[in-house]
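1. Task: produce atomic coordinates for the following.
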Amino acid sequence: MIKLLTSPWFSAPLGAVLYLASMLLFWKTPQPVMPARDPSASASSGPSWEFKSPEADQLMNELKSEKGALALRKQQLDELAARLDAQRQELAAATLAVRQMQAQFDQSVVRLQEEEIPNLKKLGKVYASMTPAGAAAVMSQLDDSVNVKILLFMKESETAAILDTMAKKGPAEAKRAAAISEHVRLSIAHKALPAK
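-> Okay, here's the model as predicted:
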């Protein structure tokens, strides 16, 4: 048996078995080294995704400040768009008012076209040859713009006699004679007329 114990074939496996047995008997599992805990951190341990990191907090603060800046910029752009819409509406209203004023001006100012002038001259001569009462009676049946155009080609004394006769027919005709006189005053055709 001594020969067996001294044999290298037996002593190597026996040493391995003794090594493993002693390791199992004296093996102690080392405790994991825990990092030093922050005293301000909560004692309760939560899920692993609920950790505190100053870098993550800084990134969150930056994102929040950028989100606030974007919200402020959006608010400013919305206010600017509202002001632009209001100004567009004011501009459209002003344009419409100018067009209406232009139409009223065109109605109140008598304009003569070149084709009308020979005919108006003939009518002026016809009404001038009539009595003021007869001319006033005929002219009271015509439109005011036509009366103004005819009166532009008559002498002032003839025009005065006709307007005087119209005014004597009553307050309504007097008002109409005043309106015709105002249109004669505003007429742009008399500047282009040849001297009488």
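2. Give me the distance from the one helix or strand Ile180 maps to to the chain's centre.
-> Element membership for Ile180, per DSSP states H and E: helix 171-186. When C-alpha coordinates are averaged (Cα atoms, centre = their mean, to the nearest Å), helix 171-186 and its chain have centres 45 Å apart.
3. same question, stretch 152-170
-> Relative to its chain's centre, stretch 152-170 lies at 54 Å (Cα atoms, centre = their mean).
4. how about that stretch: buried residues?
-> Neighbour-count burial for stretch 152-170, counted by 16 or more other Cβ atoms under 10 Å, picks out Leu152, Phe153, Met154, Glu158, Thr159, Ala161, Ile162, Leu163, Thr165, Met166, Ala167. For the C-beta atoms, the positions are set from N, CA and C on the backbone; glycine is no exception.
5. Check the second one and give its pLDDT.
-> Right, the one you point to is Phe153. pLDDT, Phe153: 89.
6. follow-up on the earlier one: looking at the buried residues of stretch 152-170, which is nearest Ser129?
-> Glu158 (9.3 Å; Cβ to Cβ).
7. Just give the nearest non-adjacent residue to that closest one, would you?
-> Sequence neighbours aside, Ala128 is the residue nearest to Glu158 in space, at 4.6 Å (criterion: Cβ to Cβ, 6 or more residues apart in numbering).
8. residues near the one you found, how many?
-> 18 (other Cβ atoms under 10 Å).
9. list the buried ones in whichever strand or helix holds it?
-> In this structure, Ala128 sits in helix 117-129 according to DSSP H and E. Under the neighbour-count criterion of 16+ other Cβ under 10 Å, helix 117-129 has Ile117, Leu120, Lys121, Leu123, Gly124, Tyr127, Ala128 buried.
10. what residue ranges in this structure score low on pLDDT?
-> Within the chain, the ranges that satisfy pLDDT under 70 run 34-49, 108-112, 188-196.
11. tell me the domain ranges of it?
-> What automatic domain parsing lists as the domains of the chain is 53-108, 117-191.
12. Packing partners of the helix holding Ile180?
-> With contacts defined as 3 or more Cβ pairs under 8 Å, 6 or more residues apart in numbering; DSSP states H and E, the packing partners of helix 171-186 are helix 144-151, helix 156-167.
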